[in-house]
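In: model this:
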Amino acid sequence: MSSKKAPTWEQYAVDLGVRLQRARLAKGLSQERVAHLCGLAGFTYQKFEKGESRPGTPMNPRLTTIVALSQVLEIPLVDLLPPPYPVVEA
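Out: Presented below is the predicted three-dimensional model:
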């Protein structure tokens, strides 16, 4: 476990969005292409790169979506979702 302070869900979602964008650009893919290959609507993927699901709501993609993004962008999950993770509260 990392000694860094756990980010908020909002911070983590924005960081994930930045990672998605960087990986997509490194592959030379459009947002539409990534969305199509992952089975997402283009608008949904655009929001993911902003770290949102709806305005003001951090993204919370399904596990299958995260795995699809990892595969399409050819980035290991550990690099896509690095620690520290946000705190999960019950």
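
In: Is it correct that V88 falls within a helix?
Out: No - if the criterion is DSSP: H, G, I helix; E, B strand; the rest coil, then V88 is coil and not within a helix.

In: Apart from its neighbours in sequence, what residue is nearest K27?
Out: Closest residue to K27 apart from its sequence neighbours, by C-beta to C-beta, 6 or more residues apart in numbering: L73 at 6.0 Å. Just so you know, the C-beta spots here come from the backbone N, C-alpha and C atoms, and that holds for glycine as well.

In: burial count for that neighbour?
Out: Neighbour count for L73, taken as other C-beta atoms under 10 Å: 22.

In: Quick one: neighbours of D79, just the number.
Out: D79, neighbours per other C-beta under 10 Å, totals 11.

In: Now do the same for it: helix, strand or coil?
Out: Applying three-state DSSP: D79 is helix.

In: Now do the contacts for it.
Out: For D79, the contact set (C-beta atoms under 8 Å, 6 or more residues apart in numbering) comprises R19.

In: which residues touch the residue nearest to the spatial centre of the chain?
Out: Closest residue to the average C-alpha location of the chain: L16 at 4.0 Å, with C-alpha atoms, centre = their mean. Going by C-beta under 8 Å, 6+ apart, L16 touches 48, 51, 59, 80-81.

In: got it, and E74?
Out: So E74 contacts 23, 27 (C-beta under 8 Å, 6+ apart).
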